[in-house]
Structures are given as C-alpha cells and as structure tokens.
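Novice: quick check, what structure comes out for this input:
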Amino acid sequence: MAEQIPLYPVRSAAAAANCKRATYFSAAGPGPGAERSSRYQLEDESAHLDEMPLMMSEEGFENDESDYHKLPRARIMRRKRGLEWFVCGGWKFLCTSCCDWLINICQRKRELKARTVWLGYPEKCEEKHPRNSIKNQKYNVFTFIPGVLYEQFKFFLNLYFLVVSCSQFVPALKIGYLYTYWAPLGFVLAVTIMREAIDEFRRFQRDKEVNSQLYSKLTVRGKVQVKSSDIQVGDLIIVEKNQRIPSDMVFLRTSEKAGSCFIRTDQLDGETDWKLKVAVSCTQRLPALGDLFSINAYVYAQKPQQDIHSFEGTFTREDSDPPIHESLSIENTLWASTVVASGLKWVSCRQHIDGSWFCMHSASLCLLVGAFNPFTFKVGLLDLELNQLTKALFLALVALSVVMVTLQGFSGPWYRSLFRFLLLFSYIIPISLRVNLDMGKAAYGWMIMKDENIPGTVVRTSTIPEELGRLVYLLTDKTGTLTRNEMVFKRLHLGTVSYGTDTMDEIQNQLMNSYSQVQSQGGGNNASSTPPRKAQSSAPKVRKSVSSRVHEAVKAVALCHNVTPVYEARGAAGETEFAEADQDFSDDNRTYQASSPDEVALVQWTESVGLTLVNRDLTSMQLRTPSGQILTYCILQTFPFTSESKRMGVIVRDESTAEITFYMKGADVAMSTVVQYNDWLEEECGNMAREGLRTLVVAKRALTEEQYQDFENRYNQAKLSVHDRTLKVAAVVESLEREMELLCLTGVEDQLQADVRPTLEMLRNAGLKIWMLTGDKLETATCIAKSSHLVSRTQDTHVFRPVTSRGEAHLELNAFRRKHDCALVISGDSLEVCLKYYEREFAELACQCPAVVCCRCAPTQKARIVKLLRQHTGRRTCAVGDGGNDVSMIQAADCGIGIEGKEGRQASLAADFSVPQFRHTGRLLTVHGRSSYKRSAALSQFVMHRGLIISTMQAVFSSVFYFASVPLYQGFLMVGYATVYTMFPVFSLVLDQDVKPEMAMLYPELYKDLTKVDSWVTRKPGNG
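Specialist: A predicted model of the protein is given here:
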C-alpha cells in the first residue's frame, strides 16, 4: 500500500486545502493530471524538492497533507531571542565565537593555491612551504603550561576552587590557613601537569621516530641521506622498494625500462591492491639519473586537495627547442604514505627498485595528512556530567548560604557573611573528587596494559578510559582490521560437480592426465586447444567429460587475469641494470603482482594444481603444464575490470594453433545475462555467498580470424571517437559478450582476522551498533559483511542504488524507508549526495539499521560519518582502524582504537588505545570499559556524599550558634579528612569488581545495561 501512495509537497494551507491528495507523479494520461506530473519532473527538481519532505514513518503515508508540516524536513523551530537566548546558551556561543576569532587572528590558515616547482632547486620556489614533518603533539614548549591550565580551568569544578582559593587572600573572607585550600588545588594541578607531560613526551618520541626516517636525496654531488622532516618541496628523492613515500611526489624515473612501477595504497584508501604508476616520459628517456640536473624543467601542480583520485598538472622543459610540455595526471603522482611495491617489468625486477621521485607537497599539505583533523582535546562524558553536577551543587550551595544569611536577619555586613558561608559550605563541591578520579584513571590504564589476555595493548590517552564503557556506535575499517586481505581459493563448481579444498588433488590428477594424453598423442598445444573448438560447434548438445571440463576451466582461470609474475634479482642493490642471467626463475623466487588480490589467489590456485603462469608482458603470456611444457599465448586485447561492468576479459591467440579465444569473468549479476542458458548458476552463487565466498563466473567464446578482425576494426574506430567514446567502446565490446559458454564458478575467501565473528557477535549482544567504513569495492564490502557475520544470514540487505542528484536521492531514501530491519550498503558517492541534501533524514534512517556498510569511503567521509552520529544521536562513538586512512575517523570519534598491522602504525599512534588485533576490542570494552565506568561512577557518588556530610555538620553547627559563620573544624582536619583519612577506603572502589571478567565476556548484555541509563553518576546508588 505504501508504494502506491505518492509524495506531496509542503505548500500553504490554502493550497493544501484546494489540492488535497493531489497526485503530482500520477501516471494518468493527458489532462490536468499529466500537466502536474510534468511540472514536478526531476529536471526541475531543485525548485520543488525543497518543499518535498521525506516520509520518515509509515504513519506519514496515512496522514493528510497538512501533517507533513510536522515532519523533520518541514519542521520550523522557534528561535529564542534576547535575554532568553543569552541565558539558554547564548553566552557560551558568544565566548566560543570570540575565542575562535582570536585564534584565527593569531594563527591564520595558509591559503592553498597552485604552485610552480623547479626540479632539484627548492630555493627557486617563490613561496615558503612548511616543513615535511608529522606532528601529533598537543603543545609546544611555550604553550604547555598555559594550555594545560586552560584545559583544567575551563571546567566549572576547577574554576570554582581557584576562585575560592584566591578569596583567602582577602582578610575579611579568610577562614583558615591558605594551605587548606591551595594544597589540594596544587596537588590536583601537579598530578594533571605530570600526566600530560608524560603523554606529551610519548607523542614527541613517536613523532620523532616517524620524522627521522632516512631517505636518499639526489644532489649535483650525488646521493645524500636526509631525514623525512628535512625534505623540501622541489627535492629529488630516491625511494627504494618497500619504502614508504614521505610526501606527495611526482614520478620522474625508474630503473625499469618500461618506465612504470606498482605501488600499494593501503595507508590512503585501505586497499592493499597494487596500483600502476607511470613515470614522466621526458625524464624517463634521459640517459642517466644525474642528467636530471642538466635540464631546466619545472612542474606546475594544482593546489593540494582531498580528492585522492584525480590530479591536474603539467611538466615543462624549457631548455629544448621547442619547449616540451607534458600533461600530468593521477598516474604520474604518488601520494604520501603509499609504498613502492615493485617495478612493472618482471624479468629485470630488482631487489631494490630505485625510483626518482620529485617532492611536490610537504607532509603538512599532503592529501592524506590534509584529511586529518587537528588534534582535538577529548573529554570524557563522565567529566562533562560531573561538571554539570558541580553547577547544580553550586546552586545548592548558594541557596543554603542565602538561607543561613536570611535566618541571621541580614544583620551587619550580611554580604560578608554570605561569602563566608559560601566558603564554609564549599566542601559540598569536593576538590578531592578530581584527585580520586585522576588517580583512578591512571589505575585503569595500568590494569589495561597489564592484562595478560590482551598483550600489547597500549593506553595513549589516559583521561578517557570510562568512555570504553559507554559506547553505542562502533565504526570499523575492513582491510587489515576485520580481514587479513589474504585471499584463499576455496571452491570450483562446474555445474554438475563441485570441488572443495579437500578434493583439489582430484583436479590436479585430472589436469595431469589430460596434458599427459595430449603429449603422448603428439598433438602438443594443438590438442590442448581442440576442446574449445569442438565446444563452439557442438555445445550444449554434446556432453563433455568431466576431465575435459576441468581442463578448460583451469586453463581459462590461468589466462583470464591481469597478474604478472615477478622474479627478484640476485644482483647488488646499487646497480641499475641486470642481465637476464642474473635472474632466478625458480618457483620459490616467483611472486605475483596484480591490482586485485582475488586474481592473485586464482593464479596461485592454478599453480597449485599444475598450470603455472611463468611469464607475462604487455603482448604475451606463458603457462607451464604439469609435464613441464611451455604454452605461449599472444594477448590481443585486454578489457579491465570496472565498477560499472563488473567483469573483465581478455582475447588471446594460441601461438601453436592460431586459435583465438575470448575469455571473460565477472560477478554473477553481470555474467548471468551473457552466458548460455543454465539452471545452476544462480543457485550455486547464492550457496557460495551464504558461505561468505566471493564468487566469479568464468566463460569463454571461440572466435574465428574474420570475427576478430571485424571486432578489432570496430574497436579501434570506437577508441578514436571524439564524442561518446566510452559508450561506443562499451557497445563494441558487448557485441562479443553474447551466448558465451559457461565454464565454471569460482569461490574465493578473504580470510578474516582471528576470532572476528565471535567478537562482532559479542559486541552486538552488548548493544553496540556496528558500522563498517571501507574504501574497498561494494561487492567486496558486502561479501565481508556477510562472512564476518556483521550482517546475519537471515537478515535482508538493502543496497543503496547510485544517486547523483537530489531527486534520485529523495526517491531512493523513500524507497529505503519502506524497508524494515535490514542492513544498509551504500557507496561513498551516494553517501555524499545524501549528506548534502538530506543529512538529518539519512541519519535517522541509518541509525535504525542493525548494521551499515559504507564502501568507497574517503578518509574525510569516514570522519564526517562519525561526526554525524555524534551530533545526531548524542551517543558515544568508537572508531577502529589500522591504516593512515583511518586516522581522521579515529580522531573524530569519542574513543579511537588503533590496530598495529601490515598497514603501518599511523592509526595506532594517533589512537587513544592501541591493540594488536581486532578481537581484543571485545575484552577491552566489555571488561575494562564496563569496570572503569562503573567504578568511576561509584567513586564520584561516594566522594560527593562525603562532602555533603561535612557541609551538613557545618550547617547544624552554625544554626546552633546563632548562624555564625565560624568553621566547625580546623583547616588541617578538613584537609586531612578529605584526603588522607578517607582516601584509601573511598579509593578502594577503583579495585571493586562486581562480576569476574570471564562472566562479563560470557554475558555481554551486562554492558548493555550501562547504556540504558543516561548517567550512572546521577542514578540512585544500589539501583541497576
């Protein structure tokens, strides 16, 4: 019923009365209704969608048009004005605005703009650039003391005691000795300053370690070693294999003759897939590396931005006639914190790939670091609640003092008596609360790091351990956090027979028998390609033998890919050229490189069953059979994988038989329409998906020489088109993708981290809503969400369709609103559109989902999602990640957990807590987080009750003696009672344990009880 009821725009009451229930998207024929329909088409969406709210509830479909005024998008909030606005928070807004204005005046942000940089001559740069250093410190030498004091006295509790202590310098207000007030305050400040100094020194050491990494700098006199922090814009840096790039750079030269190399972008987008980079052709053609200083050239680069997928620039050489101009794109750049993986040419691939890189942006302006947030001072919710409670106690203190002065009859200088009563009753607000809490937090951190069940855990921010016990949303990365990013081949399905990991030896035997029969018949490669030709003419009428089908499937998997075998060189690291004889072509020395780990897993599987990829270049590839025979294939065309097509293909020619075959593999949704009719593909894809496997459908089509020549002519003409080139090329390729022979279905598993499934289940039972934010592809993210049980098998998944405009986002959000209890999968581009126009509506819908998966997320998008959850829900968030692309998310969350993994230590260093593996987060939250919060809440209650007891005794004493403002106890007795005498009994609550750690992990629902209550500090003791 809901799908049949249209949307209504919000208009005036008169218009609503006249056109009630008007159908603007009516499918009626010609007439007034049709005119209204065209009036509200998507082409004119911006003029009308402002008035068209999303229907956020089922009841919205049943209400009249006037009810839409109550929806979130159409709700008009009454704005407070004048004194009401000032009292209800306006004063805080004014103070914050003034402070921000002063900070902006003192620290003006540099305006980023395009730049021209000369090769090898940093001194020619017109503007001064910041140092190439990473800084995670809060303060410097001059701002440490003022900064710490400001952070302490911005809380009402500490500010109140500062005012009370300063009042003792006034003789008329002096009650006791100065030390009775200054000693506790000084002790609190000393403990705080000492703790901050230790944390700041540790950050300094970590930053120094990163900034001190050595790199080879190319100068006129040769190579020199420089620190990462000393690299300047314009320097020529030599980066070796497996070395991280210290800043944004332009790729000038490589020792590879092809002028290209592969890099890993795990710190940038979370993917460990290798990306191909191409050197600037003008500098690659130079005879020697030192010739870079003999040319007069410069690079024009666009201003630093946060888009990691595009770049515009030009390379100009002025000393040639005419000047050489070469455009620069994303393929010629290398962003900071990526890793040089290997060269492109596999035969002469060296142990250390020497690449000459040209520094373009310093680390302070690089794309990755530019996505990080400035270091924020994280304050726990417990501290904020205590600050609010202190204000309430202060009001009670003022009220009690006014009552005492009133009962005194306002005799004499009553205002002096009022201030003295304020000082006498000041123990209602106990300063020892800060001492106890700070010492308790230090104890919590020590217990976390000493827990033998989570070895290697480091507490980097010791002020927020209680936040671990109040989390509602857990946002996690995928690659390296939930998964190892190690693909393993698990299953091969041929339609009538299926092979798993325990039956792979049967495939190996059948393949060996097949090639041995071919060799014994003397057919060689000719016989090896005979089955495809027969299949083309007789399939599907003639049923092939299982052995023949296995042979064809394995050969198709071994040929249809973009994988390159790499053989490490045995030469010295400093040489630039290697003879082919210096290469070690043994199987132990061979590794595979590709843009997708799935393809590497498939090629490794074919090697394990006997068909090995031993060589490949741009035009050919060689396979080795189980008997040692080398099969050579000429690569005629390659069609790479794209997110739109969801498939890739290759056309090869067998060198021995001249047979041409078109192989293709891809997702089942894309391949089901291009393969011949079958009755098993859809069912088996569903079965593998439920097992958490990533499926690929493999098919082939045999081509005659005439068919291929016709295709090649049309394909080349399409590539030369000026208009609609992409569409024309796709149309030509699709002409081949018809009635293809289905060969097999493969299943690959992305291995999860240890105990990921039970950990996620524990966290869900603890009441946490888990969001997965990843830069990986949508299909991969969806598969991992199911295999890790982030999304249960019985749970529906709603894949948010790609949207590019406001109208599409509006319709898709309304379609998603009709779904109930289903997980949401959305891409970064669609998310950006939704947040631009419907931020609040999207947040309300997404927060109702049991799980959310956001794929293709940039680092800034991850941080924005965290901020959206914090602002919209008001709940505490936790971000978990292991790469540099997760730092912005970790810094934006209330609590950040970093994992030290293969992707470096940036996330671990920037996080509040560091753990070796994701499974340790379960114990960190359910045991230590829960205990820390409950203990601190109980400790706060007892300390406040202690202060109330003292103040009550003082009030009774003053009432008995005619409301005199005289202290009941001497100063040293009060200080001793509030610190030494009652310190250890109350502080023992820090060691309190209501349940054993094993029980807390066995029953994670105990953690959920903490989030049901808004605050355990203000709750009644003994409840819950």
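Novice: for the stretch 551-700 of the chain, what are the low-confidence residue spans?
Specialist: 568-585, 587, 643 (pLDDT under 70).
Novice: next, count neighbours for the spatially closest residue to Arg817 that is not a sequence neighbour.
Specialist: Closest residue to Arg817 apart from its sequence neighbours, by Cβ to Cβ, 6 or more residues apart in numbering: Leu845 at 5.9 Å. Heads up, the C-betas are built off the backbone N, CA and C, glycines and all. When neighbours are defined as other Cβ atoms under 10 Å, Leu845 has 20 of them.
Novice: isn't Leu845 up against Ala815?
Specialist: No - under the criterion of Cβ atoms under 8 Å, Leu845 is not in contact with Ala815, lying 10.8 Å apart.
Novice: all strands for the stretch 451-600 of the chain, in order.
Specialist: Ranges of strands in the stretch 451-600 of the chain, per DSSP state E, counting those that start in this stretch, are 458-459, 471-476, 483-493, 498-499, 564-567, 590-593.
Novice: tell me the most buried of the ones you listed?
Specialist: strand 471-476 (a mean of 23; mean count of other Cβ atoms under 10 Å).
Novice: so what does that strand touch, helix or strand wise?
Specialist: strand 769-773, helix 859-873, strand 876-881 (3 or more Cβ pairs under 8 Å, 6 or more residues apart in numbering; DSSP states H and E).
Novice: put together JSON lines for the strands of the stretch 451-600 of the chain, with distance to Lys277 on each row.
Specialist: Supplementary listing: these in JSON lines, determined by distance: least, Cβ to Cβ, whole Å:
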{"stretch": "strand 458-459", "distance to Lys277": "35"}
{"stretch": "strand 471-476", "distance to Lys277": "30"}
{"stretch": "strand 483-493", "distance to Lys277": "20"}
{"stretch": "strand 498-499", "distance to Lys277": "38"}
{"stretch": "strand 564-567", "distance to Lys277": "14"}
{"stretch": "strand 590-593", "distance to Lys277": "13"}
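Novice: nearest to Leu636, of those strands?
Specialist: Among these, strand 564-567 comes nearest to Leu636, with 17.7 Å by Cβ to Cβ.
Novice: roughly how far is the closest one from the heart of the chain?
Specialist: 31 Å (Cα atoms, centre = their mean, to the nearest Å).
Novice: what's the spacing between Lys786 and Arg864?
Specialist: With distances taken as Cβ to Cβ, to the nearest Å, Lys786 is found 26 Å from Arg864.
Novice: and the strands in the stretch 651-800 of the chain?
Specialist: 660-666, 694-703, 741-752, 769-773, 796-799.
Novice: including distance to Gly313 and mean neighbour count, could those go into TSV?
Specialist: As requested, the strands of the stretch 651-800 of the chain are exported to TSV (distance: least, Cβ to Cβ, whole Å; neighbours: other Cβ atoms under 10 Å):
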stretch	distance to Gly313	mean neighbour count
strand 660-666	34	24
strand 694-703	37	23
strand 741-752	36	22
strand 769-773	30	25
strand 796-799	37	14
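Novice: among the ones you listed, which comes closest to Ile635?
Specialist: Relative to Ile635, the nearest member of the strands of the stretch 651-800 of the chain by Cβ to Cβ is strand 660-666, separated by 10.9 Å.
Novice: can you list contacts of that closest one?
Specialist: The contact list for strand 660-666, computed with Cβ atoms under 8 Å, 6 or more residues apart in numbering, reads 529, 532, 556-557, 559-560, 636, 639, 641, 645-654, 671, 674, 696-705, 707-708, 736-737, 740, 746.
Novice: just the buried subset of those, written out for ChimeraX, thanks.
Specialist: Here is the ChimeraX command that selects the buried residues among the contacts of strand 660-666 (16 or more other Cβ atoms under 10 Å):
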select :529,532,556,557,559,560,636,639,641,645,646,647,648,649,650,651,652,653,654,671,674,696,697,698,699,700,701,702,703,708,736,737,740,746
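Novice: now for the residue nearest the centre of the chain: which residues touch it?
Specialist: Centroid check for the chain by Cα atoms, centre = their mean gives Asp886 as the closest residue, at 4.3 Å. Counting by Cβ under 8 Å, 6+ apart, Asp886 touches 270, 477, 481, 859, 862, 879-880, 898, 907.
Novice: do the same with Phe155
Specialist: 383, 387, 390.
Novice: and those residues, which of them are in helices?
Specialist: The members of these that map onto helices under DSSP state H are 383, 387, 390.
Novice: now, which of those sits nearest Asn615?
Specialist: Asp383 (63.6 Å).
Novice: counting neighbours, what do you get for that closest one?
Specialist: So Asp383, with other Cβ under 10 Å, has 20 neighbours.
Novice: tell me the spacing between it and Gly922.
Specialist: 26 Å.
Novice: which among the strands of the stretch 651-800 of the chain is found nearest to Asp598?
Specialist: The nearest among the strands of the stretch 651-800 of the chain, by Cβ to Cβ, is strand 741-752 at 5.4 Å.
Novice: what angle sits between that closest one and strand 483-493?
Specialist: Here strand 741-752 runs at an angle of 150 degrees relative to strand 483-493 (axes from the mean of the first three to the mean of the last three Cα atoms, to 10 degrees).
Novice: report the mean confidence score over strand 741-752.
Specialist: Taken as a whole, strand 741-752 has a mean pLDDT of 89.
Novice: give me the angle between that strand and strand 694-703.
Specialist: Relative orientation of strand 741-752 versus strand 694-703 (the same axes, to 10 degrees): 150 degrees.
Novice: before we move on, the earlier item: surely the residue nearest to Arg817 is in a helix?
Specialist: Yes - checked against DSSP: H, G, I helix; E, B strand; the rest coil, Leu845 lies within a helix.
Novice: for it, what are its contacts?
Specialist: Counting by Cβ under 8 Å, 6+ apart, Leu845 has contacts 56, 813, 816-817, 824.
Novice: same check, this time on Val927
Specialist: Applying Cβ under 8 Å, 6+ apart, the residues near Val927 are 451, 997, 1000-1001.
Novice: of the residues you listed, which is the most crowded?
Specialist: Ala1000 (22 neighbours).
Novice: what helices or strands is whichever strand or helix holds that residue leaning on?
Specialist: Per DSSP states H and E: Ala1000 is located in helix 997-1002. Helices and strands touching helix 997-1002, by 3+ Cβ pairs under 8 Å, 6+ apart, are helix 920-923, helix 1005-1012.
Novice: now with 6 Å?
Specialist: Helix 997-1002 sits against no helix or strand, with contacts defined as 3 or more Cβ pairs under 6 Å, 6 or more residues apart in numbering; DSSP states H and E.
Novice: so Ile770 bridges to which residues?
Specialist: Taking DSSP bridges as the rule, Ile770 bridges to Leu474, Ala851.
Novice: who's in contact with it?
Specialist: With contact taken as Cβ atoms under 6 Å, 6 or more residues apart in numbering, Ile770 is in contact with 474, 790, 851.
Novice: just the closest of these to Arg935, please.
Specialist: The closest of the contacts of Ile770, once distances to Arg935 are taken by Cβ to Cβ, is Leu474, at 22.3 Å.
Novice: count of neighbours near the nearest residue in space to Ile428 that is not next to it in sequence?
Specialist: With Cβ to Cβ, 6+ apart as the criterion, Ile428 has its nearest non-adjacent residue at 4.6 Å, and that residue is Ser951. Other residues within reach of Ser951, judged by other Cβ under 10 Å, total 21.
Novice: which elements pack onto the longest helix belonging to the chain?
Specialist: Longest helix in the chain, counting residues (DSSP H): helix 179-211. Under the contact criterion of 3+ Cβ pairs under 6 Å, 6+ apart, helix 179-211 touches helix 144-153, helix 156-167, helix 432-449.
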